[in-house]
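A.B. asks: sequence and computational prediction follow.
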Amino acid sequence: GAGVSQSPSNKVTEKGKDVELRCDPISGHTALYWYRQSLGQGLEFLIYFQGNSAPDKSGLPSDRFSAERTGGSVSTLTIQRTQQEDSAVYLCASSLAGLAGDEQFFGPGTRLTVL
Amino acid sequence: GDSVTQMEGPVTLSEEAFLTINCTYTATGYPSLFWYVQYPGEGLQLLLKATKADDKGSNKGFEATYRKETTSFHLEKGSVQVSDSAVYFCALSDPSNTGKLIFGQGTTLQVKP
C-alpha cells in the first residue's frame, strides 16, 4: 500500500517568507509526528497528533512554527517568517496507534532551504 | 530528560567484517528501543526494535539486545556487506511520553569491498 507522502520534496524560500509543508500519513494510522533533521541538531521531534486529542507541541522550537491536522488525516506544518536556521529536512511519520512500541513509518521528507 | 548517545562515526569496515555500533540511553520510564537506518537517497526505515528488558531485536542479520542493567542497545552484525553502507540511528520511545522518538546523533557506516 501507499506509504507516507510529503510535499513539496524541495522548497527554497527567502528569509522572512512563510512556508507550508504537507504530510499524507498511511491510511488508518491515528498517530502523526513531525521531526526535523539538520546537520547541527540531528533528528529532533517537533509535534505529535493522536486522533482527536490535543497535540503535543513540546518540540516546536519557536512560536513561528505551527501545525494542524485536518480530519484526522493530512497534516500541514507552517513556518512563519522563515530564518536561515530553519533550513533542514522536515520529516513526517505515522504509526498505527501512537504507542511507544509502534513502528513509525517515515516519509521521504521536505528539504527546506532558507536563503 | 530522555536521551540517546551512540558512537560517533564514520565507521569504515571491509566486507565480511564484524560490526558493533554502541548505543546507550537515559530514560525515566521503561522505554522501547529502536534502530532505524537511512540508506543513501532513501528515507528512514525501521531496522529492528525491542520493547522490554532482555528482548533481542533482529533483522537482515543485525541484532541488538535490550540491556536494562547497562542501559544499552548495541547494534551488531557478524559479516557486513557493501549494501549495509548507511546511516544508523538508535532511538527510544518512552511510553509515558506520547510515543515520540528520541534519536541518537546517527552513525555513518561505510563498507568497502
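C.D. replies: Cool, the structure landed.
A.B. asks: what does chain B put close to chain A?
C.D. replies: B:31-32, B:36, B:43-46, B:49, B:51, B:89, B:91, B:93-95, B:97-106 (Cβ under 8 Å from any Cβ of the partner chain). Backbone N, C-alpha and C define where each C-beta goes, glycine included.
A.B. asks: please redo it, this time with the cut-off set to 6 Å
C.D. replies: Within chain B, the positions adjacent to chain A are B:32, B:43, B:44, B:46, B:51, B:93, B:95, B:98, B:99, B:100, B:103, B:105 by Cβ under 6 Å from any Cβ of the partner chain.
A.B. asks: report the buried members of those residues.
C.D. replies: Burial by neighbour count, judged by 16 or more other Cβ atoms under 10 Å in any protein chain shown, picks out B:32, B:43, B:44, B:46, B:51, B:93, B:98, B:99, B:100, B:103, B:105 from these.
A.B. asks: just these: which has the poorest pLDDT?
C.D. replies: Ranked by pLDDT, these bottom out at residue B:98, which has 76.
A.B. asks: secondary structure class for that one?
C.D. replies: Three-state call for residue B:98 (DSSP: H, G, I helix; E, B strand; the rest coil): coil.
A.B. asks: would you confirm that it contacts residue A:48?
C.D. replies: Yes. Assessed by Cβ atoms under 6 Å, residue B:98 is found in contact with residue A:48 at 5.0 Å.
A.B. asks: overlap of the contact sets of the two?
C.D. replies: Listed as contacting both residue B:98 and residue A:48 by Cβ atoms under 6 Å, 6 or more residues apart in numbering or on different chains are residue A:56.
A.B. asks: what's around residue 111, how many residues?
C.D. replies: The chain I'm using is chain A. Neighbour count of residue A:111, defined by other Cβ atoms under 10 Å in any protein chain shown: 15.
A.B. asks: meant chain B actually
C.D. replies: Number of residues near residue B:111 (other Cβ under 10 Å) recorded here: 19.
A.B. asks: doesn't it lie inside a helix?
C.D. replies: No. With three-state DSSP as the criterion, residue B:111 is strand rather than part of a helix.
A.B. asks: enumerate the residues of chain A near chain B.
C.D. replies: Proximity of chain A to chain B (Cβ under 6 Å from any Cβ) is limited to residues A:42, A:43, A:45, A:48, A:56, A:98, A:99, A:100, A:101, A:103, A:106, A:108.
A.B. asks: with that, I have no additional questions.
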